[in-house]
Every structure is written in C-alpha cells, then in structure tokens.
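Q: A structural model of the following input is requested.
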Amino acid sequence: MQIKRRLPHDPQGHSSALNDILFILLLFFLIISTLANPNVVKLSIPKAKSDTKAKQTVVVSINDKQEFFVGTRAVVLDSLKPFISSAIAKSQDAEPTVVINADKQATADNIVAVMRAAHELNLKTVLAVENNSR
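A: Numbering: from 1, shown residues only. Below is the predicted model:
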C-alpha cells in the first residue's frame, strides 16, 4: 500500500490585480492634481488669437464687481502695491511676473492701475486671456 505524502501547501495571496488598481489610482490622482489650481478666482476672461505662457509669480485678479485679488486674498486698490511687493518677496524669483487675470466686465482703468503698480515695482506684467482657437 503506497500512501502519497502531501506536499506542504504555502498559502499565497495574488497581488497582481492590486498592482493594476494602484497604478490606475496613481494615474488618476496625478491628472487631477495638475488640473487643480488653488489660486483661482472665478472669472470669464477675454479671448485672444495667440497664446503666451508666463511664469506666474503673482496673480492679480479683477472680478466683474471691480474687486481686486492678489492670489485669493481680497485687496483694495490703495494697498495693491504693498501686497504685490510682499508676494514678490515671498516668491524670490529671478524674473518676477505679475499676471493680470481680469474679467471681461473689468474696466480698463482698473487693469491699468494694476499695470502701474507693477511698473512702479519694476515688474513685468502679462494680461491673461483665453485662447480663441479652442
């Protein structure tokens, strides 16, 4: 009588499906994190035919109610220059740039006031527009 010996069975969990799920989750969160921008004030900006990219050192936004924002902080026009200079000092960029993100309803006087404040601080200004070719 021959009795077959059973080989010791090592229980193993298969993790190949787990790797796929983790990779998909990682990819999803990477894509979502590039789309999220914490310094956003809801505006409808004007359209342009050309697209210019600039490094956003300081973003100054003007909404349809003619309110000014440096980043996401509300600022009055008289204190715009000190807030811009403190934001530039925090960033410590070699070529600081002020990006003006103005609503379509923003008046030209307010846009020029931001440009003057940036000019007095010897900073480059860029007006953000929506690309018209889309």
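Q: separation between Thr125 and Pro96?
A: In this structure, Thr125 lies at 10 Å from Pro96, with CB to CB, to the nearest Å as the measure. Where you see a C-beta, it was placed from the backbone N, CA and C, and this is true even at glycine.
Q: Export the strand or helix carrying Val60 to PDB, keeping only CA atoms.
A: Secondary structure assignment for Val60, by DSSP states H and E: strand 58-62. As requested, C-alpha coordinates have been extracted for strand 58-62 and formatted as PDB (Å, rounded to 0.1, in the frame of the first residue of the first chain):
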ATOM      1  CA  VAL A  58       1.900  86.900  -8.600                       C
ATOM      2  CA  VAL A  59      -1.600  86.600  -9.900                       C
ATOM      3  CA  VAL A  60      -3.700  89.800  -9.600                       C
ATOM      4  CA  SER A  61      -7.400  89.100 -10.400                       C
ATOM      5  CA  ILE A  62     -10.100  91.700 -11.100                       C
END
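Q: which SS state does the closest residue to Val70 other than its chain neighbours fall under?
A: Setting aside the residues directly before and after it, Val70 is nearest to Phe83 in space (CB to CB, 6 or more residues apart in numbering), at 4.4 Å. When states are read from DSSP: H, G, I helix; E, B strand; the rest coil, the local structure at Phe83 comes out as helix.
Q: wait, Phe83 sits on Arg73?
A: Yes. Here Phe83 reaches Arg73: they are 7.2 Å apart, a contact under CB atoms under 8 Å.
Q: of those two, who's got more company?
A: Under the neighbour definition other CB atoms under 10 Å, Phe83 and Arg73 were set side by side, and Phe83 has more, 19 against 10.
Q: what's the pLDDT at the more buried one?
A: Reading off the confidence values, Phe83 has pLDDT 89.
Q: Tell me who's in contact with it.
A: The neighbours of Phe83, taking CB atoms under 8 Å, 6 or more residues apart in numbering as the test, are Val70, Arg73, Val75.
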